[in-house]
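Trainee: Quick one, structure for this:
(chains A and B)
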Number of protein chains: 2
Amino acid sequence: MRALEEKIVKEGKVLPGHILKVNSFLNHRIDAAFVMEMGEEIARLFYEDKPSLIFTIETSGIPIAFAAAVKLNIPLVFAKKHKSGNLSGDLYKTTVHSYTHGTDYTVVAEKQFINSTDRVLIVDDFLANGKALEGLIDIVNQAGATVVGASAAIEKGFQHGGDSLREKGYKVRSLAIVESMDDSGNITFREQ
Amino acid sequence: MRALEEKIVKEGKVLPGHILKVNSFLNHRIDAAFVMEMGEEIARLFYEDKPSLIFTIETSGIPIAFAAAVKLNIPLVFAKKHKSGNLSGDLYKTTVHSYTHGTDYTVVAEKQFINSTDRVLIVDDFLANGKALEGLIDIVNQAGATVVGASAAIEKGFQHGGDSLREKGYKVRSLAIVESMDDSGNITFREQ
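Mentor: As a prediction, this is how the structure comes out:
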């Protein structure tokens, strides 16, 4: 999505440790009209796969996942992160390793909100090593539902999470794939 | 908003401790089309006040705040919760007391995203004792910006946070005001 690549170049900030900050339109301040355009692009890419549910994880994936849900006219479920295992209720649970924080966290979703007949499209703001996405896929599998694909606003191609999922046969479509970035702020994108 | 009151009666669950769970359409599973209707109603209620920015707090207020931002065609900023004071960057900070958890937490927003010229509409999913909203108002005041009003999807009228803000002169419009609810699940709404 060319408009997103241009926005990343214009507003994004590359920080040490391969961090790309897009706080000005996607992660803290939200450019609502632009995020709706991104949602429309996700809807266009996955319309043919007939998703019945969007699935994301709190917090910063929620706006783009919500936008995709609006454009596809289907509901959204967001999984919740917990640091403790002290949880009640009828929940699907999985464990995700965070390389950023060097810890594991538990991800949960209420069982009643994912049915075995659901065709689930996973949406998130970032896709890097893919560990969060794998956790969400695990929950969908526990529910006996079908993963029709995954979409991230921004994929860090050099961290290989997206390609690893593609090799496993998943349809993964990111709106922009950063192939490389350096501390001077130079960013190159993968041709799609 | 009659359709919201009907949905609360049909899908909401009253739990001990004056908890109203609306996990099926607002807080965990999101009924995207319905939340957009709620955003449209908020836009209608505050259009005349010419808001330039929607301000909310993570996590569960984000979908309805985003929907209102889309309908008003203005950006959204969501404040972040932190348990520690260990924060970097140029941030506005305030402390909010959580009666639910019996602890204080720090709420932050990056200074660059709220300007002194902004006319800020605060949106959240719930309004109970109003402590979270007061924290957001404090941040808007620190920025020297103007609070044009506040809107919650569901206000718990019997916890008086909304009326306390109204008495201070704020325009507070909630889409549904629960006047009373009991453990048998009986819910009454304030006429608006």
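
Trainee: Just give me how far the lengthiest helix in chain A sits from the chain centre.
Mentor: Secondary structure of chain A per DSSP state H: the longest helix is helix A:32-46. Centroid displacement of helix A:32-46 relative to its chain, using C-alpha atoms, centre = their mean, to the nearest Å, is 13 Å.

Trainee: could you give the angle of whichever helix or strand comes after it to helix B:32-46?
Mentor: Using DSSP states H and E, the helix or strand that follows helix A:32-46 towards the C-terminus is strand A:53-57. If you take axes from the mean of the first three to the mean of the last three C-alpha atoms, to 10 degrees, strand A:53-57 sits at 70 degrees to helix B:32-46.

Trainee: Quick check: which element contains the spatially most central residue of chain A?
Mentor: The centroid of chain A falls nearest to residue A:124 when counting by C-alpha atoms, centre = their mean (1.6 Å). Assessed by DSSP H and E, residue A:124 sits inside strand A:119-127.

Trainee: Each with direction, which strands does that strand pair with?
Mentor: Note on strand A:119-127: by DSSP bridges, its sheet partners are strand A:53-57 (parallel), strand A:146-156 (parallel).

Trainee: how far away is the closest residue to residue A:126 other than its chain neighbours from residue A:78?
Mentor: Leaving aside its chain neighbours, residue A:126 sits nearest to residue A:154 (5.5 Å; criterion: C-beta to C-beta, 6 or more residues apart in numbering or on different chains). The C-beta positions use only the backbone N, C-alpha and C, and glycine is treated the same way. According to C-beta to C-beta, to the nearest Å, residue A:154 stands 18 Å off from residue A:78.

Trainee: one step back: and the residue nearest to the residue nearest to the centre of chain A when sequence neighbours are not counted, how many neighbours does it have?
Mentor: Using C-beta to C-beta, 6+ apart and skipping the chain neighbours, the partner closest in space to residue A:124 is residue A:61 (4.1 Å). Residues contacting residue A:61 under the criterion other C-beta atoms under 10 Å in any protein chain shown number 26.

Trainee: With residue A:155 instead?
Mentor: 28.

Trainee: Was I right to think it contacts residue A:127?
Mentor: Yes. Under the criterion of C-beta atoms under 8 Å, residue A:155 makes contact with residue A:127 at 4.3 Å.

Trainee: sorry, back to before: closest to residue A:106 out of the strands paired with strand A:119-127?
Mentor: strand A:53-57 (11.6 Å; C-beta to C-beta).

Trainee: hmm, who's touching that closest one?
Mentor: For strand A:53-57, the surrounding residues in contact (C-beta atoms under 8 Å, 6 or more residues apart in numbering or on different chains) are A:62, A:64-66, A:68-69, A:72, A:74-81, A:107, A:109, A:114, A:118-124, A:132, A:135-136, A:139-140, A:145, B:32.

Trainee: next one: stretch A:93-113
Mentor: With contact meaning C-beta under 8 Å, 6+ apart, stretch A:93-113 is reached by A:55, A:57, A:77, A:79-85, A:87, A:89-92, A:129, A:131-132, A:134-136, A:138-139, A:142-143, B:23-24, B:28-29.

Trainee: Low-confidence stretches in chain A?
Mentor: Flagging of chain A using pLDDT under 70 yields the residue ranges A:83-88.

Trainee: what ranges do the helices span in it?
Mentor: So, for chain A - with DSSP H - the helices run A:2-11, A:32-46, A:62-72, A:131-142, A:161-167.

Trainee: Just the endpoints, please. Distance across stretch A:71-89?
Mentor: End-to-end distance for stretch A:71-89: 31 Å, by C-alpha to C-alpha, to the nearest Å.

Trainee: what do you get for stretch A:55-75?
Mentor: End-to-end distance of stretch A:55-75 (C-alpha to C-alpha): 9 Å.

Trainee: repeat for stretch A:169-176
Mentor: Start to finish, the residues bounding stretch A:169-176 are 20 Å apart (C-alpha to C-alpha).

Trainee: Touching both of residue A:155 and residue A:127, which residues are there?
Mentor: Residues touching both residue A:155 and residue A:127 by C-beta under 8 Å, 6+ apart: A:161, A:162, A:172, A:174.

Trainee: Show me what the closest residue to residue A:138 other than its chain neighbours is bridged to.
Mentor: Counting by C-beta to C-beta, 6+ apart, the nearest residue to residue A:138 once its immediate chain neighbours are dropped is residue A:94, at 4.4 Å. Residues in a beta bridge with residue A:94, per DSSP bridges, are residue A:107.

Trainee: how close does residue A:94 get to chain B?
Mentor: For residue A:94, the distance to chain B (C-beta to the nearest C-beta, to the nearest Å) stands at 16 Å.

Trainee: got it, and residue A:41?
Mentor: As for residue A:41, its distance to chain B is 16 Å (criterion: C-beta to the nearest C-beta).

Trainee: Could you check how many residues crowd around that residue?
Mentor: When neighbours are counted by other C-beta under 10 Å, residue A:41 registers 20.

Trainee: go on, the one 3 residues further on?
Mentor: Neighbour count for residue A:44, taken as other C-beta under 10 Å: 13.
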